[in-house]
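> sequence plus predicted model, see below.
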Amino acid sequence: MWSEHGSVFVREKGELHCVSTDGQLLSTYKAPRLFQKDFTVRLCIESSAPISRQRSDHFIFTYNREGSLCYTVKPLLDISLLFIADNIEHVDSLVGFPEQMAHKLFVAAEEKQKFTDPPTSARALQVFSEAYGGLVLKSLCLRDRKLLVSERMDEIQVFHQLEVLDLYGCGLGDSHDIFRYLSSEAFTRLVRLFLGDNCLTDKGLQRLTAPIRVMKKGLENLQQLDLSSNPLSEKGLWYLTCFKKLEELDVSRTSVKLDASLKSFFRATMRMELSAEPLKVFTHAECQTEGWAEEVINQWERKASELPNKEPKPRTNALQFYGREKFVRERIHSTYNDRRTEGQMTIIHFYKPHSPTQQTGHSKDTSAALTTLMGRKRRLSGEKEEQAERSPPTKRPPESTFSAEDLNLLNSY
């Protein structure tokens, strides 16, 4: 049926019919199908742009009393912190940003694994460390974690405000890269350093102390130093005289022999006395990781201890070199040996006394030692004068306080 408005349709028994001009139904009208009956839709989202996850982060989903799902929008401040945490590696600086807000931002970035992923971890930690220093990490304990030290060198050197660093049993040797950062101006706040059981020789100690001996910068505020279980000799102890603020020293289980000459050396040069009892600071009971990044260090350790898949690629060169099983066996074996021989070795702890009575006794011993040294110098000078009168004068060589090895080390820095 046609009218001035067009065709006329009538619905009968749920079907649509077109009406002819005489009022009869012509045919059933079927609307065209846009898709077939077996058509399905699959939603694909790229992993690089997780839109659904970002949208869900902006809402808080809860259930009401009736059991219905409800949601509320997060505050704008929380949404902004999440956005900054997602892009923390692109932030130039956080200097001047409130500490309370910075701690929330640090926690948000930590939840997003920004401090564990190698592409972003070093830069993300550097942003916080430059602005908040010791709040991020004040004390770092990496005892018996040689793989973690090798894998996270870029991140460790970012912590410029460290006061305590424990590297006991990390197998560093004499030429590890971490010595370059320890002796730089970035670690001038370091007060307590543990380098025991690291295969450190006199050459490594010379390299560690070269900047402060020659350029008067580096570990200038060091007060406690642990050098136990290292093949050090009496010659290497001379390099320790540059630490003017050193108050406690551990040289147990080394090649140094405990005798009267060793005691007089420390009295005359460093004003230190032999401790009758083991010092508490070298028991490692108080050394622990402290700061905002404490959980970050735990995440590093858990990630380093993960067993590889069946067909893995080595995560780092350190893991490929040592091997997981060998590292675990060595760690268990070394811990067992330390416990077994703990009471069999002589403890050699030196400290700097501060009480008036100790200082009086110390001054007497020091003056006696210096008197003996002065007597020897006078005898030697008398002999030299007699030889000078007998022999013609020779050209005096120029005085130099630095050896050739020291100059080579300085050139390497």
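Happy to help now that I have it.
> from residue 240, how far out is the nearest residue to residue 349 once chain neighbours are set aside?
The shortest distance from residue 349 to any non-neighbouring residue, by C-beta to C-beta, 6 or more residues apart in numbering, is to residue 275 (4.1 Å). For the C-beta atoms, the positions are set from N, CA and C on the backbone; glycine is no exception. With distances taken as C-beta to C-beta, to the nearest Å, residue 275 is found 16 Å from residue 240.
> could you do residue 184 as well?
For residue 184, the distance to residue 240 - C-beta to C-beta - is 19 Å.
> just for this protein, where's the confidence low?
Where the chain drops to pLDDT under 70, the residues are 1-6, 14, 20-58, 307-345, 355-413.
> residue 184 and residue 240: who's more crowded?
Set residue 184 next to residue 240 and count neighbours by other C-beta atoms under 10 Å: residue 240 wins out with 22 against 16.
> ok, that one - contacts?
If a contact means C-beta atoms under 8 Å, 6 or more residues apart in numbering, then residue 240 has 205, 209, 225, 246, 249, 270 as its contacts.
> let's have those residues in JSON lines, adding neighbour count.
Rendered in JSON lines, the data for these read as follows (neighbours: other C-beta atoms under 10 Å):
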{"residue": "205", "neighbour count": "23"}
{"residue": "209", "neighbour count": "23"}
{"residue": "225", "neighbour count": "21"}
{"residue": "246", "neighbour count": "21"}
{"residue": "249", "neighbour count": "25"}
{"residue": "270", "neighbour count": "18"}
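> so which of the residues you listed comes closest to residue 292?
residue 225 (27.0 Å; C-beta to C-beta).
> extract the CA atoms of stretch 290-309 and return them as PDB.
The C-alpha coordinates for stretch 290-309 follow below in PDB (Å, rounded to 0.1, in the frame of the first residue of the first chain):
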ATOM      1  CA  GLU A 290      67.700   0.600  55.800                       C
ATOM      2  CA  GLY A 291      65.700   3.100  53.600                       C
ATOM      3  CA  TRP A 292      62.900   3.300  51.200                       C
ATOM      4  CA  ALA A 293      64.700   0.900  48.800                       C
ATOM      5  CA  GLU A 294      64.800  -1.900  51.400                       C
ATOM      6  CA  GLU A 295      62.100  -3.900  49.600                       C
ATOM      7  CA  VAL A 296      63.800  -3.100  46.200                       C
ATOM      8  CA  ILE A 297      66.900  -5.000  47.400                       C
ATOM      9  CA  ASN A 298      64.700  -7.900  48.400                       C
ATOM     10  CA  GLN A 299      63.100  -7.900  45.000                       C
ATOM     11  CA  TRP A 300      66.600  -8.000  43.400                       C
ATOM     12  CA  GLU A 301      67.500 -11.000  45.500                       C
ATOM     13  CA  ARG A 302      64.300 -12.900  44.700                       C
ATOM     14  CA  LYS A 303      64.800 -12.200  41.000                       C
ATOM     15  CA  ALA A 304      68.400 -13.400  41.100                       C
ATOM     16  CA  SER A 305      67.400 -16.600  42.900                       C
ATOM     17  CA  GLU A 306      64.800 -17.500  40.400                       C
ATOM     18  CA  LEU A 307      65.600 -20.800  38.700                       C
ATOM     19  CA  PRO A 308      65.900 -20.500  34.900                       C
ATOM     20  CA  ASN A 309      63.500 -22.200  32.400                       C
END
